[in-house]
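Visitor: Pasting the sequence and the predicted model now:
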Amino acid sequence: MTVFILRRLLQSVGVLFATSIIVFLGVFAIGNPADILIAADATQAERQAAIVSLGLDRPLLEQYWIFLSNALQGDLGRSFVFNQPAIGLILARLPATLELAFVALFIALAAGIPLGLIAGLKPQTIVDETIMTGSILGFSLPNFWQGMMLIMIFSVWLGWLPAGGRGETVQVLGISTSLLSWDGIAHLILPATNLALFNLALVIRLTRTGVREIMPLDFIKFARAKGLTERRIVLVHVLKNIMIPVVTVVGMEFGSIIAFAVVTETIFSWPGIGKLLIDSIMLLDRPVVVSYLLVVVFMFIVINLLVDIAYSLLDPRIRLRDSQ
């Protein structure tokens, strides 16, 4: 296990390095920040001074070398717009995105696993057909359209929930959270639901498929022959086995939830790193864009490692040996 983790960490360094090159080159090729950040009526001398202060007058290779040298010291550059450390801006917004992602994941699991179990235990019934039809909608409908419909129905027509913003937050260990105030929870419900719909459909289908594959197996028949109740068979034997693919896929999807929360955060004006990314792209704030992407890649790497470890713990037949 130790060798496996060390090997993954070394691979992660290589992935981060390659990502930094690709991202830096891609961001550098998009427009000129000076055209947006410097006033149109600025003199040529003022314009040149601003370009020099932002480091935009240096060759691309030199800019990247400066960025890489500072990054190895934990400095990912300063925002052109806010004149603050880019990593500080991201870390300040990260709790809001993580809160949204965790609640969305909870909704997907809390609703998806029971619905998938019901559909799998009652195949070819009206209940099964209804649940599976709903899951198709979760896959098919665009995320931005779902968000607008949620706002239209629950905010505009019914007036039950706020349309945007984060609402009232409470400080816990220096971190703001919306989960400890009713106003914060009310603001969280719609964006979290919108972000959860795709993964909800995914969990339903994974769970149903797992149930249909496991129910005819011999160990289920043996459990019935021993006189175990159907409830115990489902909750102990079936659920434990179907959780292996669910944990694997959902664990991988959690990184996607964080990375692709951009649309949801923009629609619902949620002050997370996704909205920060959109604002930074619009303003060509290169340090923030590069820092965001590197942070997201790092989170993907950590999540994948945790998923591999969880996978081996759930299934005794699968162990991450030092020889791997």
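Guide: Great, that's in hand.
Visitor: What would the strand or helix carrying Asp279 look like as PDB? C-alpha coordinates only.
Guide: In the assignment (DSSP states H and E), Asp279 maps to helix 273-282. Output of helix 273-282 as PDB, limited to C-alpha atoms (Å, rounded to 0.1, in the frame of the first residue of the first chain):
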ATOM      1  CA  ILE A 273     -14.500  29.000  -7.600                       C
ATOM      2  CA  GLY A 274     -16.500  28.200 -10.700                       C
ATOM      3  CA  LYS A 275     -18.000  31.700 -10.800                       C
ATOM      4  CA  LEU A 276     -14.500  33.100 -10.000                       C
ATOM      5  CA  LEU A 277     -13.200  31.200 -13.100                       C
ATOM      6  CA  ILE A 278     -15.800  32.600 -15.400                       C
ATOM      7  CA  ASP A 279     -15.200  36.200 -14.100                       C
ATOM      8  CA  SER A 280     -11.400  35.600 -14.500                       C
ATOM      9  CA  ILE A 281     -11.800  34.300 -18.100                       C
ATOM     10  CA  MET A 282     -13.900  37.300 -19.000                       C
END
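Visitor: residue boundaries of the strands in the stretch 51-200 of the chain?
Guide: With DSSP state E, counting those that start in this stretch as the criterion, the stretch 51-200 of the chain has strands at 170-172, 175-177.
Visitor: Just put the ones you listed in JSON lines and tack on mean neighbour count, distance to Trp160 and mean pLDDT.
Guide: (Glycine included, C-beta is placed from N, CA and C.) Shown next, in JSON lines, are the strands of the stretch 51-200 of the chain (neighbours: other C-beta atoms under 10 Å; distance: least, C-beta to C-beta, whole Å; pLDDT from 0 to 100):
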{"stretch": "strand 170-172", "mean neighbour count": "11", "distance to Trp160": "22", "mean pLDDT": "84"}
{"stretch": "strand 175-177", "mean neighbour count": "16", "distance to Trp160": "22", "mean pLDDT": "84"}
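Visitor: one step back: if you count neighbours, what's buried in the helix holding Asp279?
Guide: Neighbour-count burial for helix 273-282 flags 273-277, 280-281 (criterion: 16 or more other C-beta atoms under 10 Å).
Visitor: Now tabulate those residues in TSV and tack on distance to Trp157.
Guide: TSV is the format used below for those (distance: C-beta to C-beta, whole Å):
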residue	distance to Trp157
Ile273	31
Gly274	27
Lys275	25
Leu276	31
Leu277	31
Ser280	34
Ile281	33
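Visitor: what's the angle from the very next helix or strand once past the helix holding Asp279 to helix 273-282?
Guide: The element immediately downstream of helix 273-282 (helix or strand, assigned by DSSP H and E) is helix 286-314. Here the directions of helix 286-314 and helix 273-282 differ by 150 degrees (axes from the mean of the first three to the mean of the last three C-alpha atoms, to 10 degrees).
Visitor: which helices and strands sit right next to helix 286-314?
Guide: Helix 286-314 is packed against helix 2-28, helix 86-121, helix 239-259, helix 273-282, with contacts defined by 3 or more C-beta pairs under 8 Å, 6 or more residues apart in numbering; DSSP states H and E.
Visitor: ok so, going back, what is the helix holding Asp279 packed up against?
Guide: Against helix 273-282 (3+ C-beta pairs under 8 Å, 6+ apart) you get helix 86-121, helix 262-267, helix 286-314.
Visitor: right, so of the ones you listed, which gets closest to Leu158?
Guide: helix 262-267 (17.9 Å; C-beta to C-beta).
Visitor: buried ones in the closest one?
Guide: Under the neighbour-count rule (16+ other C-beta under 10 Å), helix 262-267 has 262-267 buried.
Visitor: What of stretch 290-301?
Guide: Result for stretch 290-301 [16+ other C-beta under 10 Å]: buried residues 290-297, 299-301.
Visitor: Distance check, Thr177 against Leu10.
Guide: According to C-beta to C-beta, to the nearest Å, Thr177 stands 35 Å off from Leu10.
Visitor: for Pro123, that is, sorry about that
Guide: Distance of Pro123 to Leu10, computed by C-beta to C-beta: 47 Å.
Visitor: higher neighbour count, these two?
Guide: When neighbours are counted by other C-beta atoms under 10 Å, Pro123 and Leu10 differ, and Pro123 comes out ahead with 14 against 10.
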